[in-house]
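Asker: sequence first, predicted model second:
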Amino acid sequence: MIRMLIVSRLVLKFIKYCIQFGVAPWKYFQLNAKYFNKEKGIFSKLEMDRIIPEQWRLKQVKLINEIIPDTFPVFLKPEWGQNANGIHRADSIGEYQEIRQQLKQKKDLNYIIQEAAWGGFEYEIFYIRNNLQKEQFASFSVTEVCNVTEEYFPINSVQNNNTCYLDRSADYTSDEKQQLWKMIHHIGDFKIARIAVSADSKQELLRGIFHIIEINIFIPMPLNLLDHHVPWKVKNYFIDSSMMALAKNVGSLPKSLVSKPIFFKKLMMHYRVKT
């Protein structure tokens, strides 16, 4: 219920600023369109993996019959998915074989195998790029993802009732945020993104010792807003400022940009993965 309220506020604020700036809200889906695979109709995890620097990259390959993981646990994920739909964890070769047999029935979906990230903490780094100064961010937050029941390798998501979110943005000084930003803003030139990383501590994260679990560039919700300890006054300020920045990015899109049919293709893929 709270999540839907927050999503509604984000959408309404975004539309308000789009109207104020005279831009079309539906052009939002073109912000990261250069990374959209038109043939597959997805933002491919395998293609996204190629732009991640090697030191931060987790091993992931397309799921085919010949592949047997060297170590466990591993995660089996759709090549594109959202809100952890369709993700499975295999803790042993037996579980892996069982899950793989089940996934053979989903012939219209490509799956990947991803090794588990061994960091002790999971963080979600959200940003919206400054539309005028591309090397700077207009909105930035760091959220710690925790799980109240599973200690090791949970499949966290907004749909998992055991997943909780703690806004850690205030724990980072302006210099530390810039330090993080300098490391991640070269990974693609996304206008908006949320990067899930695994690290053993804040200090390790700032030193660049982490692994990137996933990059969400379709509709990445700022998960700091799901921290129940953050006052609504603070949340509303973040919503207002971030949606203003987002609308400005939409307004900065070239007039000559040829739109890709991203929304409807992603909607169809979402239901295929979910079912």
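Answerer: Everything's here; your move.

Asker: residue contacts, the closest residue in space to E214 that isn't next to it in sequence?
Answerer: Nearest residue to E214, sequence neighbours excluded (CB to CB, 6 or more residues apart in numbering): A196, at 4.6 Å. C-betas here are computed from N, CA, C, even on glycine. Listed by CB atoms under 8 Å, 6 or more residues apart in numbering, the contact set of A196 reads 122-124, 145, 212-216.

Asker: most neighbours among those residues, which one is it?
Answerer: Most neighbours among the contacts of A196, by other CB atoms under 10 Å: E124, with 25 neighbours.

Asker: the residue nearest to E214 in helix, strand or coil?
Answerer: When classified by DSSP: H, G, I helix; E, B strand; the rest coil, A196 comes out as strand.

Asker: where's F72 relative to I113, distance?
Answerer: According to CB to CB, to the nearest Å, F72 and I113 sit 11 Å apart.

Asker: who has more neighbours, these two?
Answerer: Using other CB under 10 Å as the criterion, F72 and I113 rank with I113 on top: 20 against 16.

Asker: what helix or strand is the more buried one located in?
Answerer: Secondary structure from DSSP states H and E places I113 in strand 111-115.

Asker: which other residues reach stretch 102-121?
Answerer: Under the contact criterion CB under 8 Å, 6+ apart, stretch 102-121 has outside partners 40, 45-46, 58-63, 67, 69, 71-79, 86, 88, 144, 153, 197-201, 204, 210-211, 213, 272-273.

Asker: in PyMOL, how would I select the buried members of these?
Answerer: To isolate the buried members of the contacts of stretch 102-121 in PyMOL, using 16 or more other CB atoms under 10 Å:
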select buried, resi 45+46+58+60+63+69+72+74+75+76+77+78+79+86+88+144+153+197+198+199+210+211+213+272+273
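
Asker: show me where this structure has strands.
Answerer: Secondary structure of the chain (DSSP state E): strands at 60-62, 74-78, 88-90, 111-115, 121-129, 137-147, 163-167, 192-199, 211-216.

Asker: so can I have JSON lines of these showing mean pLDDT and distance to H229?
Answerer: Formatted as JSON lines, the strands of the chain follow (pLDDT from 0 to 100; distance: least, CB to CB, whole Å):
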{"stretch": "strand 60-62", "mean pLDDT": "91", "distance to H229": "34"}
{"stretch": "strand 74-78", "mean pLDDT": "94", "distance to H229": "29"}
{"stretch": "strand 88-90", "mean pLDDT": "95", "distance to H229": "29"}
{"stretch": "strand 111-115", "mean pLDDT": "94", "distance to H229": "31"}
{"stretch": "strand 121-129", "mean pLDDT": "97", "distance to H229": "16"}
{"stretch": "strand 137-147", "mean pLDDT": "97", "distance to H229": "12"}
{"stretch": "strand 163-167", "mean pLDDT": "97", "distance to H229": "7"}
{"stretch": "strand 192-199", "mean pLDDT": "97", "distance to H229": "20"}
{"stretch": "strand 211-216", "mean pLDDT": "96", "distance to H229": "23"}
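
Asker: could the ones you listed go into a markdown table alongside distance to Y17?
Answerer: Formatted as a markdown table, the strands of the chain follow (distance: least, CB to CB, whole Å):
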| stretch | distance to Y17 |
| --- | --- |
| strand 60-62 | 37 |
| strand 74-78 | 33 |
| strand 88-90 | 40 |
| strand 111-115 | 36 |
| strand 121-129 | 12 |
| strand 137-147 | 12 |
| strand 163-167 | 23 |
| strand 192-199 | 14 |
| strand 211-216 | 22 |
